[in-house]
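J.: sequence first, predicted model second:
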Amino acid sequence: MAAWFECKVTYEKVADNGMPKKVVESYLVDADSFTLAEAKMIEEITPFVSMGEFNISNIRKVNYAELFLNEDDKCDRYYRCKVLYVTIDEKNGVEKKTPAFMLVKSDSLPNAVAELEKQMGKGLADYEIASVTETALMDVFQYVPAQ
């Protein structure tokens, strides 16, 4: 089973004033291990680094239950959503809330919430949206099987 890894890449790029500028960007990678996540980042980032070297400064495993990636070109931001699944413990009669994190690609916060509600509405489970926050992710690299 593959997992999601958030990778931070440090490299130099040309700023608007023509001077080199060091930037740190975050990416999400679908991989089986830290090693494969690093290899995938090197493969994906190498064509875009025009000057100097780049460094993968951090890789951490993240727990996303679901990704809702809108393919629309104007959707260029990623939002981390915390959803609480609501169940009733029949033994005690107590309401239980189980958290799950989801990633939504959208162009704005209200549209991200609307997309999350639309996607969650397709399921049968009761839920509450606990939080929606914009992330610093630049892109998501999903696993694509070899042809």
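T.: Sure thing, it's come through.
J.: from now on I want contacts and neighbour counts done on CA atoms only, so please keep to that.
T.: Will do.
J.: what separates Glu134 from Phe48, distance-wise?
T.: Using Cα to Cα, to the nearest Å, we find Glu134 at a distance of 24 Å from Phe48.
J.: those two: which is more packed in?
T.: Per other Cα atoms under 10 Å, whichever of Glu134 and Phe48 has more neighbours is Glu134, with 17 against 8.
J.: across the sheet, point out what pairs with that one.
T.: Note on Glu134: beta-bridge partners by DSSP bridges are Tyr79.
J.: ok, it touching Tyr78?
T.: Yes: judged on Cα atoms under 8 Å, Glu134 makes contact with Tyr78 at a distance of 6.0 Å.
J.: quick one, strands of the protein?
T.: Listed in chain order, the strands found in the chain under DSSP state E are 3-14, 20-31, 54-62, 66-68, 77-89, 94-106, 126-134, 137-141.
J.: domain-wise, how is the protein divided?
T.: 1-62, 63-136 (automatic domain parsing).
J.: a markdown table for the ones you listed, including mean pLDDT and distance to Tyr143?
T.: A markdown table is the format used below for these (pLDDT from 0 to 100; distance: least, Cα to Cα, whole Å):
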| stretch | mean pLDDT | distance to Tyr143 |
| --- | --- | --- |
| domain 1-62 | 88 | 6 |
| domain 63-136 | 92 | 13 |
